[in-house]
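Peer 1: Just to be clear, the model below is a prediction. Sequence and coordinates:
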Amino acid sequence: MAEKRDVTRSDSYRVDERDQLSPSQFMRDYVAMRRPVVLRGALKHCDALSDWTLSSLRERAGSRFVTLKAWHASGICVTKSRLDSYIDALDEYDRALDAGVAAAAPAYLHDIPLTSVICDAAVDLAPFPKQFFPKWYGGAWTTFAQMFLGPTGSVTPLHFDCLLTHNLFFQVCGRKRFILLPQEERAKCYPRDWRWCRVDAEKPDVDRFPLFNEARRGEVVVGPMDLLYLPPGTLHQVRSLDRSLSFNVDWHTRRSVASGALALLEGMPLENVYYNLLIALGLWGGVPARHILPYYKSYLSYIS
């Protein structure tokens, strides 16, 4: 059995690190127990991912218009850009950083369907075991994936995933730092607007948000070809330590989708409940994924 290590910066919230993990072990020890884990080198057998470079993205989908997001005090600012123009902006920003020149960072390409940019992602990712997802997702799991591309220093504020799904996060290139807190600590994070939090987990203002000082939390850095599993409701704040390309899959088990549908009673927006009910039709009702996806696709470009 592979060595298991604790990679948090404190003992307050444990995040295991594994070098190897079978699908059955993953489901038994982490999904069923709602425990986070990092699987180092999870994508190392997907040789085609070496071609997932910015140059190849420019060739594959440079003319596609993509959604960019920037966080401001007043909320999220959304703009559109051609992908090749955005990649040019990332290159220019990197050159400025290397030269020590002050420059405004490009916005963040965040939560767009992976297959809208890399249409053959399912082929490239075929070596990754589909058994890491419930049987219902099967070979179609890549169609549920959302892509992230951003410059060094990109930050997503403290939040949890809006459908209360399980989350598998795949890091392709660059590094990202996650600050994680279990769902039970939500009240100490001063929540707002269902899934966002007022507190900055990197630099918390303990005078304004004193309860956060008592919250259990951990920290982990994921690098190229790593996988991070986040149980439903896990709060996380994310910073790109380098220019970074990654994707994730939000997915449900029968247990979590039932909890997600019932979360209407806890304030989950109706639109989110709708998406959970769609997945419930699949997991509980046996409706094939191909029939659910046409109605679920709008979630994959969802702007919260």
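Peer 2: Okay, I see it.
Peer 1: so how far is F128 from the nearest residue to M268 once chain neighbours are set aside?
Peer 2: Excluding the flanking residues, the one nearest M268 by CB to CB, 6 or more residues apart in numbering is W194, at 6.3 Å. From N, CA and C alone the C-beta is placed, and that goes for glycine too. Per CB to CB, to the nearest Å, W194 is found 31 Å from F128.
Peer 1: what's the answer for P106, then?
Peer 2: 29 Å.
Peer 1: So for the two, which residue has more residues nearby?
Peer 2: Neighbour count, other CB atoms under 10 Å: between P106 and F128, P106 has more, with 23 against 20.
Peer 1: Quick check on the more buried one: phi, psi?
Peer 2: P106 has phi and psi values of phi -60, psi 160 when expressed as degrees, to the nearest 10.
Peer 1: Over to the one 4 residues further on?
Peer 2: Phi and psi for H110, reported as degrees, to the nearest 10, are phi -140, psi 120.
Peer 1: Show the residue spans covered by the strands in the stretch 201-304 of the chain.
Peer 2: Remark: strands assigned in the stretch 201-304 of the chain by DSSP state E, counting those that start in this stretch are 218-222, 227-230, 235-240, 244-251.
Peer 1: R34 is nearest to which of the ones you listed?
Peer 2: Closest approach to R34 among those is made by strand 227-230 (9.9 Å; CB to CB).
Peer 1: Paired strands for the closest one, with orientation please.
Peer 2: Here strand 227-230 is paired, per DSSP bridges, with strand 37-39 (antiparallel), strand 166-173 (antiparallel).
Peer 1: deepest of those, which one?
Peer 2: Most buried of those by mean neighbour count (mean count of other CB atoms under 10 Å) is strand 37-39; its value is a mean of 24.
Peer 1: Going C-terminal from that one, what's the next secondary structure element?
Peer 2: helix 54-61 (DSSP states H and E).
Peer 1: Might you quantify the distance of that next one from its chain's geometric centre?
Peer 2: Relative to its parent chain, helix 54-61 has a centroid offset of 22 Å by CA atoms, centre = their mean, to the nearest Å.
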